[in-house]
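Student: generate coordinates for the sequence data below:
(chains A and B)
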Amino acid sequence: MPSLTFVLPHWLYWGGLIAFPLIAQYLVRRQRRDGVPRQASVFIAYLFWLCSGFLGIHRLYLRSNWGFVFIPVFLVIIYCNGQIREAREDVSRTRFEFENAELAIERARPPADETVTAEAKAALEAAEAEGVAAKPAYDSAQAELAEWRAVSRWSAILMAIMLLVDAALLPGVIRRVRAQELSKPYREAAVAPPPAFREAGTGEDPTLSVHSRITDAIEWLTMRAGEFGAYWAVIAVFVYYYEVIGRYVFNSPTIWAHESMFLMFGMQYMLSGAYAYREDQHVRVDIFYAKFSARGKAIADIVTSVFFFIFIGTMFWTGMRFALDGIEVQELSFTEWAIQYWPVKLMIPVGAALLLLQGVSKLIKDVLIVTRREA
Amino acid sequence: MGLEIGIEWLSLLLFGSLGLLLALGLPMAFCTGSLATVFLFVFGSPAMLNMMPSRIFPFMTDYQLSAVPLFIFMAAVLEKAGIIEELFDTIYKWLGALKGGLASATVVACTALAAMVGVVGATEVTMGMIALPAMLKCKYDAELACGALLAGGTLGILIPPSVMAIVYAVVAQQSLGELLIGSIFPGFLLSGLYIGYVTIRCYINPTLGPALALEERVNAREKLRLLRNVIAPIVLIVLVLGVIFVGIATPVEAAGMGTFGALGVSALHRRLTWPAIQEASIATLKATAMVMWIFFGATMFVGFFIVKGGQTFVANSILSTGFAPYGILLLMMVVLFVLGMFLDWVGILLLTVPIFLPIVKSIPFDGLVGLPGVPTSDIALWYGVIFMVNMQMAFLSPPFGYSLFYLKSVAPPHITMATIFRSAFPFIGLQALGLLICIAFPDVILWLPHVFYAK
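Tutor: Below you'll find the model as predicted:
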């Protein structure tokens, strides 16, 4: 198998983090507007072909049993890779032994100007015998490696041909499947899919249904920022997939996959705070709180908001200094990939700022609730 | 400002104000974070506040923690993928002829789901919507039906993959792989206890859970045909758990692979659309935010408490009670249970583990009444799984148990909150029994990790 040497360039990483959510948002809006027919999609079929065609997933997606043909070939490749790894170790071990034996012969050979003692002669013979013994082991290990490489190469070529043929066949298959599914829709399980539900949090917040122009503007911002970061989870799926496949199919682990992803999630944690606060998803203990009236809750919220602002304000202020320190020295990570660290650090004050804004918006709404009822 | 007071008063003040703020309804993440800020300022110095970003930043760059959003994402995708309906449909037809078969099928389906997802919400709600109406239609006793659903759905966070195990592994600096593998048998143990309980109850009193009517049962051929439906779940389970077990990939990578598989299943059901991806992403964002922000707040809070000598104070006061090691452990379990009635697991984990774990590690556990003990090197792992089993009760114990609210949100209106509360009690008892078994027979937890991670 060829090896993958792709290293994600920094500009592509940051560019992707910005571009992907925008594209996703656009596609979501378009599909929401136009509706999506529940049938096989060309895009998804080719996506599977690209990412996991070697397992025949694109065929299985189209409910074509030809997908199973790919699996044995894939297994052969994986098996070969394991064997190649082992053979490589054998080669380096036997080479080491062989070279040691050569070295021992060199050492045992008496210098030309010395008379050869029987002892030295015996030592030389022993060393040479060992050298002779080490040589075939080294040769056979090399031969074995070459053999496995050949098998691996041929199965890889076979796989490539199968994939290319399938790429040409796919549009026809999709057309047929669509026609088939139109006449005989896919059998659904007896029960309907569940509608959306509230995942967590308690939904006790009385301000959830309050609106005013300024708070709506603030919330538009926090929601957009949160949604922006939310799409990154999709990127992670493909990157980790690439990493694992790269390691096992192509014998080439990456230096960037893990670092890029945990930094991305780190930034997502910060962006998510305000969004979750807006949606009342931060858990609270509501043994008492749930029993308060809406006005009581609003008053309690106003009182406790002091603490909220102390925490998030401090986080903003100290986080800002922390990030500015990083920006000043243009901090990079200490890894081989050496990605810029400061944008990640900058997310601490950004996330805190979004939360502060959201806190202000909630405070305004709480005050509105308290005053509205009195009026 | 640098005020100095004794640690007894400080602890009282700290936890007193925490209780007060929590009661006033400020979210946990902000309670702990703000109190840490205020106390650092009053009892430390303004300069100490600068430790805030340097405590938060390591979590943002933690490799293991990125498995949290990924596993939540996987659950969110699966929930909409149509796999849960198919799974339940199949198991229910297989077990329909048994008395209480539907309730058993619920627990089995939940267990299988738990091996795919690492959270409670997705399993609990989806199964609630599918299985509860099915059971009620078959004249099942509402309490038994709700109880099986509550207890089964909660397994999601115990049986690996498990978000709780990830958080514990990060807090306790414990190997995540060992924790995940160690929690398998306790998960199956609980699942077995639930099925046994349901079946025994229904065989004693068949009106609680009658078998399916004869005409609704399916023949053996149909049953075999239905097995096609469980291929996808099995592939997913193998993809996630197999990958972790065999050590092919790290749990984080396994989460990525599993989510890829979940997207595949969703596409196979023709449900993979951009709006669906948006919903799943946003659900993930919200659930992740909840976990991570408690992380940020509670780490400051506990950090302050430990710096001020709180850990030593708690250790000394617990050790000075003169209890035997198992007495101390029992005391901790009671404390966790009580906390579980009011707080959610993230908060409990982050507040108690840094304080309790050093104590547990410092005392010997030589085995209860002649049973085998726990080697010192395994205590962190053992305690971690025990903690997770204990937290199962936190999900079910009123007044504040997540599972109760999840189920209520999808139950038909005539199922009252009181019914759900009552239905939880026998299962809390079963969980306590399971916990006791895990404590008395540590090998339930430790055997499998020893096999896979031979030391």
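Student: low pLDDT regions in the stretch 201-350 of chain A?
Tutor: Scanning the stretch 201-350 of chain A for pLDDT under 70 picks out A:201-203.
Student: is any part of the helix or strand containing A:L324 close to chain B?
Tutor: Using DSSP states H and E, A:L324 sits within helix A:294-328. Yes. Using Cβ under 8 Å from any Cβ of the partner chain, helix A:294-328 reaches chain B at A:297, A:300-301, A:303-304, A:307-308, A:310-312, A:314-315, A:318-319, A:321-323. All C-beta spots, glycine's among them, are computed from the backbone N, C-alpha and C.
Student: what's the nearest residue in chain B when you look at chain A?
Tutor: Here chain B gets closest to chain A at one residue, B:G256, 2.5 Å apart by Cβ to the nearest Cβ.
Student: ok now stretch B:64-79, how far from the chain's centre?
Tutor: 14 Å (Cα atoms, centre = their mean, to the nearest Å).
Student: ugh, wrong one, I meant stretch A:39-55
Tutor: 19 Å.
Student: with stretch B:52-69 instead?
Tutor: How far stretch B:52-69 lies from its chain's middle: 21 Å, per Cα atoms, centre = their mean.
Student: do the same with stretch B:36-54
Tutor: That offset, for stretch B:36-54, works out to 32 Å (Cα atoms, centre = their mean).
Student: what's the answer for stretch B:378-397, then?
Tutor: Using Cα atoms, centre = their mean, the offset of stretch B:378-397 from its chain centre is 8 Å.
Student: check whether that stretch contacts chain A.
Tutor: No. Shown here: stretch B:378-397 not in contact with chain A (Cβ under 8 Å from any Cβ), separated by at least 12.1 Å.
Student: who in the stretch 1-150 of chain A is up against chain B?
Tutor: Counting by Cβ under 8 Å from any Cβ, the residues of the stretch 1-150 of chain A lying close to chain B are A:24, A:27-28, A:30-32, A:36, A:38-41, A:44, A:48, A:51-52, A:57, A:60-61.
Student: list only those of those flagged as buried.
Tutor: Buried subset of these (neighbour count, 16 or more other Cβ atoms under 10 Å in any protein chain shown): A:24, A:27-28, A:31, A:36, A:40-41, A:44, A:48, A:51-52, A:57, A:60-61.
Student: could you single out the nearest of those to B:W9?
Tutor: Distance to B:W9 across those (Cβ to Cβ) is lowest for A:A24, with 53.2 Å.
Student: which non-adjacent residue is nearest that closest one?
Tutor: A:Y231 (4.5 Å; Cβ to Cβ, 6 or more residues apart in numbering or on different chains).
Student: may I see the buried residues of the helix holding A:L324?
Tutor: Neighbour counts over helix A:294-328 (16+ other Cβ under 10 Å) mark A:294-295, A:297-301, A:304-305, A:307-320, A:322-323, A:326 as buried.
Student: does A:S252 touch A:L4 like I think?
Tutor: Yes. A:S252 lies in contact with A:L4 (Cβ atoms under 8 Å); the separation is 4.6 Å.
Student: list of residues touching stretch A:93-110?
Tutor: Contacts with stretch A:93-110, where a contact means Cβ atoms under 8 Å, 6 or more residues apart in numbering or on different chains, come from A:116-117, A:120, A:123-124, A:126-128, A:130-131, A:133-135, A:137-138, A:141.
Student: of those, grab the buried ones for PyMOL.
Tutor: Selection of the buried residues among the contacts of stretch A:93-110 in PyMOL, burial being defined by 16+ other Cβ under 10 Å:
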select buried, chain A and resi 123+124+127+128+130+131+134+137+138+141
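Student: where along the stretch 1-150 of chain B do the helices fall?
Tutor: B:7-23, B:28-43, B:51-60, B:67-81, B:83-95, B:101-114, B:121-137, B:142-154 (DSSP state H, counting those that start in this stretch).
Student: so can I have CSV of those showing mean pLDDT, mean neighbour count and distance to chain A?
Tutor: CSV is the format used below for the helices of the stretch 1-150 of chain B (pLDDT from 0 to 100; neighbours: other Cβ atoms under 10 Å in any protein chain shown; distance: least, Cβ to the nearest Cβ, whole Å):
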stretch, mean pLDDT, mean neighbour count, distance to chain A
helix B:7-23, 91, 16, 4
helix B:28-43, 92, 24, 4
helix B:51-60, 91, 19, 3
helix B:67-81, 89, 29, 5
helix B:83-95, 85, 24, 4
helix B:101-114, 91, 27, 12
helix B:121-137, 86, 24, 5
helix B:142-154, 93, 27, 13
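Student: let's have those in JSON lines, adding distance to B:Q431.
Tutor: What follows is the helices of the stretch 1-150 of chain B, written out as JSON lines (distance: least, Cβ to Cβ, whole Å):
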{"stretch": "helix B:7-23", "distance to B:Q431": "25"}
{"stretch": "helix B:28-43", "distance to B:Q431": "23"}
{"stretch": "helix B:51-60", "distance to B:Q431": "30"}
{"stretch": "helix B:67-81", "distance to B:Q431": "22"}
{"stretch": "helix B:83-95", "distance to B:Q431": "22"}
{"stretch": "helix B:101-114", "distance to B:Q431": "13"}
{"stretch": "helix B:121-137", "distance to B:Q431": "15"}
{"stretch": "helix B:142-154", "distance to B:Q431": "7"}
